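*Asks:* Coordinates only, no sequence provided:
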């Protein structure tokens with residue numbers, strides 16, 4: 001009678017591709033052959049750990065296996081990293097709803113290993129200056145940035161806007177406890193934002209008609225602009241239509 005281990009490598013690899021990330025780690029303890037197959041790089045490209053309790057040791061294993069897409073949304077990370085100068089291959093990263101102080105400390109170390117992000121989601125996160133600095137290290141590759149409902153001070157917001165000139169999509173809706181970006185920060189944003197931006201969400205911000213005019217002159221590739229709950233008047237609507 002055939003057993004699981006009697007199956008050919010190709011079929012075992014296909015079966016393991018349906019396993020969760022934590023289960024793949026356990027597979028390595030079955031046999032040397034299963035361990036070898038479970039280490040195949042194709043199994044570690046995507047890791048979904050949403051709403052999980054995750055040890056930093058597991059995350060380090062995932063990163064070192066070449067993970068490209070990682071979802072840690074609403075997860076709790078336990079422990080500390082020892083990544084040193086390691087550079088991850090993460091391209092798409094979701095770190096949403098990570099507002100605990102201990103988690104924020106871990107996030108700083110984690111983000112410092114990212115240098116080639118293309119899509120970063122950090123909804124509901126308390127963004128520290130160190131996190132902002134790490135985001136800027138991805139300025140040449142980062143195209144989509146979602147900071148909806150997060151908190152970021154004026155130094156962090158300006159550093160990101162100035163340092164990430166490859167951005168095409170930016171979501172800054174309801175930041176800073178739904179108060180949005182303040183007038184000074186918005187003035188800086190519309191004068192320094194990437195001219196390649198195509199989609200922009202500034203809902204709840206204190207943006208003015210003058211800011212909108214400056215923004216549209218600088219960013220003529222915009223196809224989606226959300227200004228819900230802002231201070232604009234019909235003058236901005238006219239500029240948008242034009």
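*Replies:* Received it, and whenever you're ready, just let me know what you need. Every value quoted in this text rests on a predicted model; they were computed, and no experiment measured them.

*Asks:* CA atoms for contacts and neighbours, from now on please.
*Replies:* Noted.

*Asks:* Could you measure from residue 82 over to residue 58?
*Replies:* 12 Å (Cα to Cα, to the nearest Å).

*Asks:* Okay, strands next: where are they in the chain?
*Replies:* Shown for the chain, the strands assigned by DSSP state E span residues 46-48, 53-55, 69-71, 76-78, 92-94, 119-121, 144-146, 169-171, 199-201, 224-226.

*Asks:* Give me the buried positions along the last one.
*Replies:* Of the residues in strand 224-226, those buried by neighbour count under the rule 16 or more other Cα atoms under 10 Å are residue 225.

*Asks:* Tell me who's in contact with residue 185.
*Replies:* Counting by Cα atoms under 8 Å, 6 or more residues apart in numbering, residue 185 touches 154, 157-158.

*Asks:* can you list the weak-confidence ranges in this structure?
*Replies:* Applying pLDDT under 70 to the chain flags residues 1-9, 12-13, 15-17, 21-22, 24-30, 34-41, 43, 98-103.

*Asks:* again, only this time at 50
*Replies:* Within the chain, the stretches with pLDDT under 50 are 99.

*Asks:* any idea which residue sits dead centre in it?
*Replies:* Geometric centre of the chain, nearest residue: residue 120, 1.9 Å, by Cα atoms, centre = their mean.

*Asks:* How many neighbouring residues does residue 32 have?
*Replies:* For residue 32, the count of nearby residues is 11 (other Cα atoms under 10 Å).

*Asks:* Same question for residue 205.
*Replies:* Using other Cα under 10 Å, residue 205 has 25 neighbouring residues.

*Asks:* How about residue 112?
*Replies:* 21.

*Asks:* any idea how far the nearest residue to it once chain neighbours are set aside lies from residue 11?
*Replies:* Once flanking residues are discounted, residue 112 sits nearest to residue 134: 5.3 Å by Cα to Cα, 6 or more residues apart in numbering. Distance, residue 134 to residue 11, using Cα to Cα: 40 Å.

*Asks:* cool, residue 238 as well?
*Replies:* Residue 238 sits 60 Å away from residue 11 when distances are taken as Cα to Cα.

*Asks:* again, but for residue 230
*Replies:* Residue 230 sits 56 Å away from residue 11, going by Cα to Cα.

*Asks:* out of the two, which sits in the more crowded spot?
*Replies:* Between residue 230 and residue 11, residue 230 has the larger neighbour count (other Cα under 10 Å), namely 16 against 11.

*Asks:* List the residues that contact the more buried one.
*Replies:* Contacts of residue 230 (Cα under 8 Å, 6+ apart): 203-208.

*Asks:* now with 6 Å?
*Replies:* Contacts of residue 230 were listed using Cα atoms under 6 Å, 6 or more residues apart in numbering, and they are 204-206.

*Asks:* Residue 131 reaches residue 108, doesn't it?
*Replies:* Yes - with contact defined as Cα atoms under 6 Å, residue 131 counts as touching residue 108 (5.4 Å).

*Asks:* okay, those two: which has more neighbours?
*Replies:* Counted by other Cα under 10 Å, residue 131 and residue 108 do not tie: residue 131 has more neighbours, with 21 against 18.

*Asks:* Do I have it right that residue 53 meets residue 76?
*Replies:* Yes - using Cα under 6 Å, residue 53 is in contact with residue 76, at 4.8 Å.

*Asks:* Same drill for these two, tell me which one is more crowded.
*Replies:* Legend: neighbour count by other Cα under 10 Å for residue 53 and residue 76, higher for residue 76 (18 against 13).

*Asks:* Distance check, that one against residue 54.
*Replies:* 6 Å.

*Asks:* From one end of stretch 118-134 to the other, what's the distance?
*Replies:* End-to-end for stretch 118-134, by Cα to Cα: 13 Å.
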